[in-house]
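>>> Prediction below, plus the sequence it came from.
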Amino acid sequence: MGARLRIAGRFLLFARRRRRPDPTGAGPDDPFESQLPELSAHVWHARDGELAETGMGTMARRLPAVIAQAAGLAWRANRADTAATISLNLAAGLFTAFGLLATTGVLTALFSAGPTPGRVRDALPSLALVAGSVALRSGLQAAAGWTQARLEPQVQRLVELRLYEATTAADLTALDDSAFLDDLQRAETRGMNAAPQVVQHAVDVLTGAVGMIAAAGTLGVLHPLLLPLLLLTAVPEGWASVRGARMRYATMLALVGVARRKWILSNLMTERRHAAEVRAFTMRPFLLGEYDRFAAHQRRVELGLARRQTYVKITGDALKGVATAGVYVALGVMLWRGWVPLAVAGTAVLAIRSGQTSLVNLVFAVNQCYEEGLYFGDYLAFCDTAEARIPRRALSPPSGPGPRAGRRVLPAAFDRIRVRDVTFTYPGSDAPSLNGVSLEMRRGEVVALVGENGSGKTTLSRIMAGLYDPDGGEVRWDDVSLADVPQDEVWSRVAVIAQEYTHWPMTARQNITMGRGPERRAGGPEDPAVLAAARASGADEVVADLARGYDTLLDRRFRGGAELSGGQWQRLAVARGFYRDAPLLICDEPTASLDARAEHLLFDRIRDHAAGRTVLLITHRLASVRYADRIYVLEHGKVTEEGDHDALMAAGGLYADLYSLQAAAYRSGDGV
Ligand SMILES: Nc1ncnc2c1ncn2[C@@H]1O[C@H](COP(=O)(O)OP(=O)(O)OP(=O)(O)O)[C@@H](O)[C@H]1O
């Protein structure tokens, strides 16, 4: 009963959605080119081909697969609840059929000859059977509703985990790929939520089908001609539902790019970190105007959808009315001709009504199951794509004492790291960002990478950190190539202080340990490693001013949360790098936000830190680079100069130019 009410409610919502007014007359076929040229790229319409497949035949063909997927998902989420949901629904259907057949007994007794009290008495046993089967059916349906309600959150959890497991392990370049990001958004915002819906609608399909079979079986028993009449009423309803689903899916696909742009713009207008710039650069009218442009387009497309859906619904309803009238006329003719007795005709009317209700539910559930199945299909396709983009060597073997055969281990105390002839092009880029780069670092050295903006320093550091795989060439720690080592093992041996680091919305301690260190017990001493890292980076001074010290939550969006300045955040980011205590420390512009004293101190600390370890330092502050053991100058993805400060100054190349420029600015006293 609950399931029926839910279906009926959803049907009303669905019908209401279809009946929205349409003042503009625009539809999803509107040319994007004329209205939103930036969204006309083929990537936004990459799935157009799929639409052509979505018809009644396609639905019939694909539905079993969708139901099988739903069943498999539910089975993995919880076997007992899945088995209970299916068997309880089947049992409820049996009792529906039984109740309908028992009704014939009631009507036969009531329409027989003889005095009324006697006829009523004769009908009582059948009546008791009808009442009993109705009560049992309701009880079984309620129990099925309960097990189904238990199942849905478990399914949701399963699909969420799969998606996030894939996105956090996928190759980093996947997240630079706009097609991947589009698919991710569709999978996350729509596809993932479709999973429990698919399971729910698959159960509704089962319930509707069982109810329908019960009614059809009863009609077949009563008179074989009645069965095709019932099925006739299904065709218009089915046609209208399938067309409606197809239109909605087409619209969703057409709007996916617009939805993503709107989402990006809404973030820009609501996120705290953009708020100051939005005001200072008077970007408000621009952002609002852009948002409205996309929203207006979306509204036009959706109104067009509502208009076309209304036509389809009206046509479907009219055809269904004609078919139902035909059924009753046929029943009348059968009665008139004496092919069926009155009691059977009475039961047939009940069975037809019950069958039609089940049919409406079934058609609606099939339609919803298919529609949600399309979104769920997007989710599954995305998960497959994302999982395919997890490098095969990404993760260490889950258990066991050592690496699997063929896997190498990075030497803990390496002598040297060699980058040999590394080439790398970002996906979708024409020009390589690195073109045959080679360099060498020995243990205990501070090696600096310098070069103008866009010369490839960050890209190279990411390859050395094992975040990107080079297209050509290799990185070796002694005789072990990074390509032969599980990525998570590389990451555990490298600490990166990134140029664009995250302001983790967590406590100051968690910002340093990033979930690695043991949580301090209340009142217990602070982890000495946290204290040492904070001292080395100057984060200890930041924490000393926080109301709850290391336990202070660093996010103003939460009550009691604190906010830090850019330089204070950077000190925490540096502390995070030191805390990891890895043999290779990569510092990409670690002092960009630091004041002069903190910067000077930090370069000293980095040199201290290098003792026994190795540091790759990327910075534009060339005064700090002069003490590096070796300096590599990158230009347009190639190493053009190499040596220590004195050698490079003597060479008189780009390094000498840049260094002299900075030094002159300081000497003249008017440089900034
Ligand atoms: N995610 C990306 N996708 C495509 N191209 C990228 C990406 N990141 C960087 N690039 C390109 O690669 C080249 C090198 O960029 P990289 O960030 O390595 O330079 P950089 O030397 O670190 O610059 P900066 O001094 O400004 O930090 C640039 O031309 C840049 O446009």
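Looks like it arrived, so ask away. Numbering: from 1, shown residues only.
>>> who's in contact with the residue nearest the centre of the chain?
Against the mean C-alpha coordinate of the chain, by C-alpha atoms, centre = their mean, the closest residue is residue 188 at 2.4 Å. Going by C-beta atoms under 8 Å, 6 or more residues apart in numbering, residue 188 touches residue 163. Where you see a C-beta, it was placed from the backbone N, CA and C, and this is true even at glycine.
>>> can you tell me how far it sits from residue 557?
As defined by C-beta to C-beta, to the nearest Å, residue 188 lies at a distance of 21 Å from residue 557.
>>> circling back to that earlier point, the residue nearest to the centre of the chain: what secondary structure?
Recorded secondary structure, residue 188: helix (DSSP: H, G, I helix; E, B strand; the rest coil).
>>> Same question for the one 4 residues further on.
The assignment at residue 192 comes out as helix when based on three-state DSSP.
>>> any chance you could map the helices in the stretch 501-650 of the chain?
For the stretch 501-650 of the chain, the helices defined by DSSP state H, counting those that start in this stretch occupy 508-513, 528-537, 539-544, 566-579, 596-610, 622-625, 645-651.
>>> looking at those helices, which is closest to the ligand?
Taking C-beta to the nearest ligand atom, helix 622-625 is the member of the helices of the stretch 501-650 of the chain nearest to the ligand, at 12.8 Å.
>>> Quick check: buried residues in the closest one?
Neighbour-count burial for helix 622-625, with 16 or more other C-beta atoms under 10 Å as criterion, is recorded at 622, 624-625.
>>> Which of these sits closest to residue 510?
The closest of the buried residues of helix 622-625 to residue 510 turns out to be residue 624 (C-beta to C-beta; 29.3 Å).
>>> what's the closest non-adjacent residue to the closest one?
residue 603 (4.4 Å; C-beta to C-beta, 6 or more residues apart in numbering).
>>> rewinding a little: how about the buried residues of helix 622-625 in JSON lines, adding distance to the ligand?
Converted to JSON lines, the buried residues of helix 622-625 look like this (distance: C-beta to the nearest ligand atom, whole Å):
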{"residue": "622", "distance to the ligand": "13"}
{"residue": "624", "distance to the ligand": "15"}
{"residue": "625", "distance to the ligand": "13"}
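>>> Tabulate those (TSV), appending distance to residue 104 and pLDDT.
Supplementary listing: the buried residues of helix 622-625 in TSV, determined by distance: C-beta to C-beta, whole Å; pLDDT from 0 to 100:
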residue	distance to residue 104	pLDDT
622	97	85
624	95	80
625	95	84
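>>> Give me the residue ranges of the stretch 501-650 of the chain where confidence is low.
515-525, 610 (pLDDT under 70).
>>> Apply 80 and report the result again.
Applying pLDDT under 80 to the stretch 501-650 of the chain flags the ranges 515-526, 557-560, 591-600, 602, 605-612.
>>> For it, what lies in contact range of the ligand?
Where proximity means C-beta under 6 Å from any ligand atom, the stretch 501-650 of the chain presents no interface facing the ligand.
>>> before we move on, what about the chain?
Residues of the chain lying close to the ligand (C-beta under 6 Å from any ligand atom) are 176, 426, 429, 433, 451, 453-459, 499.
>>> Counting neighbours, which of those comes out on top?
residue 457 (26 neighbours; other C-beta atoms under 10 Å).
>>> Hmm, residue 423 is touching residue 438, no?
No. Counting by C-beta atoms under 8 Å, residue 423 does not reach residue 438; the two are 10.8 Å apart.
>>> Show me whatever sits in contact with both of these two.
Counting by C-beta under 8 Å, 6+ apart, the contacts common to residue 423 and residue 438 are residue 473.
>>> just to revisit the earlier point, out of the helices of the stretch 501-650 of the chain, flag the one nearest residue 276.
Per C-beta to C-beta, nearest to residue 276 of the helices of the stretch 501-650 of the chain: helix 566-579, 12.2 Å.
>>> For residue 197, which residues are in contact?
368, 372, 376.
>>> Figure out the helix or strand that the second one lives in.
Which is residue 372. helix 342-388 (DSSP states H and E).
>>> List of residues touching the helix or strand following that helix?
Scanning forward in sequence from helix 342-388 by DSSP H and E, the next helix or strand is strand 416-424. Contact partners of strand 416-424, identified using C-beta under 8 Å, 6+ apart, comprise 432-443, 459-460, 463-464, 468, 470-478, 584, 614.
>>> again, but for stretch 93-100
Applying C-beta under 8 Å, 6+ apart, the contact partners of stretch 93-100 are 129-130, 133-134, 136-137, 140, 207, 210-211, 213-215, 217-218, 347, 350-351, 354.
>>> Strands - which of those residues land there?
Judged by DSSP state E, those include no members of strands.
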